[in-house]
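Chemist: Pasting the sequence and the predicted model now:
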Amino acid sequence: MKHRRLRERVLTGFLLAAALGFLALQLLQPSGGTEPAAAADPWPRPTGEQPRALGLTTPALARNVDTPFDAGGLGEVNATEHAVRAHAGVVMFFADWAGPLPTVAQLQQIGARGAVPEITWEPWDAVSPDGDRQPTYRLGRIAAGVHDDLIRSFARRLATYGRPVRLRFAHEMNAGTYPWSAGRNGNRDADFVNAWRHVHRLVREEGATNVRFVWSPRADALFEPFWPGREYVDVIGMSGFNGGAELDWSGWRNPEAIFAPNLTAVRRLAPGIEMELSEVASAESGGSKARWVEQLFQMLDEQFPEVRTVVWFDIDKEARWSIASSRESSEAFASALALWQGGARDRAASPDCDPLAFPPIPC
């Protein structure tokens, strides 16, 4: 990541301070016309159970592989919450095996704002110039116990936290781009399964029963050979992006083309299991991002009630993925998210339907 964390500076002039303060309020102002809370404050958590959750990952959280985030880094989550007028029930951050382990304090900071931490835990050195050529983290070595001390140490921290936490270990294993991918560093398909089960066993042995394991392939590549089994997975996640005109390899693809065949396939792996979109975003150029967002939530509502969380990759990285890439995008997101979450509550209140049954009982 090339981003730099914004740092507060001491302002020496009253007029300058007033002007910057006014500008900040204008940038955070939702279109509804009501003045938002300060950016330092999360959007209020809804009362009662939240059957469908917004999740967010932001630049500061993605940089955690080499720069531990603090409470100030969560201000990026707060700002996006205000842009879409909704609370993020899941906050995802990234951590690798070469940098410092995430701390209990970081988990507590996320929990204190009323969110579940989700950790994308990557078995590699994310900042190494060797890229995916890192045999130190070969899957066979993980399964053989070479990294057990690290895994157990982290598991004890998760157990100490005690509250719900999601662990998205070795994501996008089917993408072919990471040291844990099949074909890299001598890895075979079965090696991923063995490594996953080994990590799962160690985490449970250390008493981290609060951890929910998220198995998260990429949407556009074969993933069945990497399935570790229903008893080792609590949530099935999926990554998928619409690169539009901003990425040469992509082109504009609607949400159904990206996700529908793949969500249908993972449904066959574990009928009735909870699902999430672990990383999802659309570029701004090449079509209507606002309409793409509306189509995404409509598809999930109508076809895939098992998807209970949508984690937006709110980072301008390869493309302008952020929700606030345009006012139209932010407004469409706010409206579509509200309908998606409200629809879950309405359906759950009906005694004649069960959207989470398999197959779903329509409402």
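Modeler: Structure received. Model, not experiment: these values are computed from the prediction. Numbers count the residues shown, from 1 in each chain.
Chemist: Okay, strands next: where are they in the stretch 1-150 of the chain?
Modeler: All strands of the stretch 1-150 of the chain, identified by DSSP state E, counting those that start in this stretch, fall at 53-57, 88-96, 116-122.
Chemist: ok, the last one: who's next to it in the sheet?
Modeler: Taking DSSP bridges as the criterion, strand 116-122 pairs within the sheet with strand 88-96 (parallel), strand 165-169 (parallel).
Chemist: What mean pLDDT does it get?
Modeler: The average pLDDT within strand 116-122 is 97.
Chemist: Okay, angle between it and strand 53-57 too, please.
Modeler: Put simply, strand 116-122 runs at 40 degrees to strand 53-57, going by axes from the mean of the first three to the mean of the last three CA atoms, to 10 degrees.
Chemist: For strand 116-122, what is the distance to the chain centroid?
Modeler: Distance of strand 116-122 from its chain centroid, counting by CA atoms, centre = their mean, to the nearest Å, is 8 Å.
Chemist: picking that back up, could you redo the strands of the stretch 1-150 of the chain as TSV and give each row mean neighbour count and distance to R197?
Modeler: Glycine gets a C-beta too; all of them are placed from N, C-alpha and C. Converted to TSV, these look like this (neighbours: other CB atoms under 10 Å; distance: least, CB to CB, whole Å):
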stretch	mean neighbour count	distance to R197
strand 53-57	25	26
strand 88-96	24	21
strand 116-122	24	15
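Chemist: For A143, which of these is the nearest?
Modeler: Set against A143 and scored by CB to CB, these come closest in strand 116-122, at 15.8 Å.
Chemist: sorry, back to before: rebuild the strands paired with strand 116-122 as CSV, extending it with mean pLDDT and distance to G183.
Modeler: Converted to CSV, the strands paired with strand 116-122 look like this (pLDDT from 0 to 100; distance: least, CB to CB, whole Å):
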stretch, mean pLDDT, distance to G183
strand 88-96, 97, 21
strand 165-169, 98, 19
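Chemist: Out of those, the one nearest A175 is which?
Modeler: A175 lies closest to strand 165-169 among the strands paired with strand 116-122, at 13.9 Å (CB to CB).
Chemist: on contacts alone, who are the packing partners of the next helix or strand after that closest one?
Modeler: Scanning forward in sequence from strand 165-169 by DSSP states H and E, the next helix or strand is helix 189-205. Other elements packing on helix 189-205 under the criterion 3 or more CB pairs under 8 Å, 6 or more residues apart in numbering; DSSP states H and E are helix 139-143, helix 148-161, strand 165-169, strand 211-215.
Chemist: could those go into JSON lines alongside mean neighbour count and distance to F69?
Modeler: Output for the helices and strands packed on helix 189-205, formatted as JSON lines (neighbours: other CB under 10 Å; distance: least, CB to CB, whole Å):
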{"stretch": "helix 139-143", "mean neighbour count": "21", "distance to F69": "26"}
{"stretch": "helix 148-161", "mean neighbour count": "17", "distance to F69": "16"}
{"stretch": "strand 165-169", "mean neighbour count": "23", "distance to F69": "15"}
{"stretch": "strand 211-215", "mean neighbour count": "22", "distance to F69": "20"}
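Chemist: JSON lines for these, including distance to S250?
Modeler: Formatted as JSON lines, these follow (distance: least, CB to CB, whole Å):
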{"stretch": "helix 139-143", "distance to S250": "29"}
{"stretch": "helix 148-161", "distance to S250": "35"}
{"stretch": "strand 165-169", "distance to S250": "23"}
{"stretch": "strand 211-215", "distance to S250": "25"}
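Chemist: right, and Q108 touches V165 too?
Modeler: No - counting by CB atoms under 8 Å, Q108 stays clear of V165, with 10.8 Å between them.
Chemist: Adding distance to R267, write the strands of the stretch 1-150 of the chain out as a markdown table.
Modeler: Compiled in a markdown table, these are given as follows (distance: least, CB to CB, whole Å):
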| stretch | distance to R267 |
| --- | --- |
| strand 53-57 | 20 |
| strand 88-96 | 21 |
| strand 116-122 | 21 |
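Chemist: looking at the ones you listed, which is closest to N64?
Modeler: Of the strands of the stretch 1-150 of the chain, nearest to N64 by CB to CB is strand 88-96, at 4.7 Å.
Chemist: Tell me what angle that closest one forms with helix 148-161.
Modeler: Inter-element angle recorded for strand 88-96 and helix 148-161: 160 degrees (by the same axes, to 10 degrees).
Chemist: what's the angle from strand 88-96 to strand 211-215?
Modeler: Using the same axes, to 10 degrees: strand 88-96 against strand 211-215 is 80 degrees.
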